[in-house]
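J.: test case, fold it:
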Amino acid sequence: MKKYLAELVGTMVLVLMGCGAAVFAGANQPFDSVGTLGVAFAFGLAVLAMVYTIGKISGCHINPAITLGLLLSKKISGKDAGMYMIFQVIGAILGSAILYVLAKDSGSTTTLTGANGYTDVLPAFVAETVFTFIFVLVILGVTSKGANNAFAGVAIGLALVLVHIVCIPITGTSVNPARSIGPALFEGMDAIKQLWLFIVAPFVGAALSAVVWKVLDTKEAE
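T.: So this is what the prediction gives:
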């Protein structure tokens, strides 16, 4: 249960910090704006902090797509994978609830919870699939046997920053079904109607990364 609770807390922190940056200081907000780059770093730094906080407890997935990639790579059991995903979604909902309470009377002009969205479905689906593929592939690589695991958190956090810099203008960047589910539930029907893409595409990208990494992975270290 400790590792499930760790995933809940980690995902809550990710949503609260990353989506919070988008709500309060993202582009077009009435407050001091940090823009796309600032929001990207907020997500990356949140992951970086959580990797070194809960990594020893649960491995710090805080993302159902990562959990799926590790399941397909046989690095986690089916039971644990299912429980991880459930607690990740619960954590995202809790983080979004806190953010909604903080933002509902704040004057935020575009979003109350940092929900994802898109204009054209094809570019959005391609972006979420490809960037999840890249992100999960990095994770599989830096956490593999023989890699320099001491700096895995840095590589993972910076990879997420890079993904957000490119993908934010397209979808707001999900690459994480839990991160999309929580905010959408509080944002309203427009976000909920588009939620399917932010669940399906990241799972497709994660599955592809597991297949590709199996081909690329070197022999286990002695």
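J.: averaged pLDDT, the top helix by length along the chain. What do you get?
T.: The helix spanning the most residues in the chain, taking DSSP state H as the definition, is helix 78-103. Helix 78-103 carries an average pLDDT of 96.
J.: all further residue positions should be reported with the first residue as 218.
T.: Shifting the count to begin at 218 puts that one at helix 295-320.
J.: output the contacting helices and strands for the helix or strand following that helix.
T.: Counting by DSSP states H and E, the element after helix 295-320 in chain order, helix or strand, is helix 338-359. Judged by 3 or more CB pairs under 8 Å, 6 or more residues apart in numbering; DSSP states H and E, helix 338-359 is in contact with helix 281-289, helix 369-388, helix 412-433. From N, CA and C alone the C-beta is placed, and that goes for glycine too.
J.: would you tell me which of those helices gets closest to Gly295?
T.: Among the helices and strands packed on helix 338-359, helix 281-289 comes nearest to Gly295, with 6.6 Å by CB to CB.
J.: can I get the closest one as CSV, trimmed to CA atoms?
T.: Below are the C-alpha coordinates for helix 281-289, written out as CSV (Å, rounded to 0.1, in the frame of the first residue of the first chain):
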residue,chain,number,x,y,z
PRO,A,281,-0.3,5.5,-16.3
ALA,A,282,1.6,5.6,-19.7
ILE,A,283,4.9,5.0,-17.9
THR,A,284,3.3,2.2,-15.9
LEU,A,285,2.0,0.6,-19.1
GLY,A,286,5.5,0.9,-20.7
LEU,A,287,7.1,-0.8,-17.7
LEU,A,288,4.4,-3.5,-17.6
LEU,A,289,5.0,-4.4,-21.3
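J.: contacts for that helix, please.
T.: Residues outside helix 281-289 that contact it (CB atoms under 8 Å, 6 or more residues apart in numbering): 276, 278, 293-295, 298, 301-302, 305-306, 349, 352-353, 356-357, 392-395, 419-420, 422-424, 426-428.
J.: just the buried ones from those?
T.: Buried subset of the contacts of helix 281-289 (neighbour count, 16 or more other CB atoms under 10 Å): 276, 278, 293, 298, 301-302, 305-306, 349, 352-353, 356-357, 392-395, 419-420, 422-424, 426-427.
J.: mind giving me the packing neighbours of whichever helix or strand Val226 is part of?
T.: For Val226, the host element (DSSP H and E) is helix 219-231. In terms of contacts (3+ CB pairs under 8 Å, 6+ apart), helix 219-231 is packed against helix 252-275, helix 295-320, helix 394-404.
J.: and it, average pLDDT?
T.: For helix 219-231, the per-residue pLDDT values average out at 97.
J.: next SSE downstream of that helix?
T.: Beyond helix 219-231 toward the C-terminal end (DSSP H and E), the next one is helix 237-242.
J.: how close does the closest residue to Ile271 other than its chain neighbours get to Lys273?
T.: Computed as CB to CB, 6 or more residues apart in numbering, the closest residue to Ile271 that is not its neighbour in sequence is Ala223, at 4.1 Å. Remark: distance between Ala223 and Lys273 (CB to CB, to the nearest Å) = 9 Å.
J.: and what of Leu354?
T.: For Leu354, the distance to Lys273 equals 23 Å [CB to CB].
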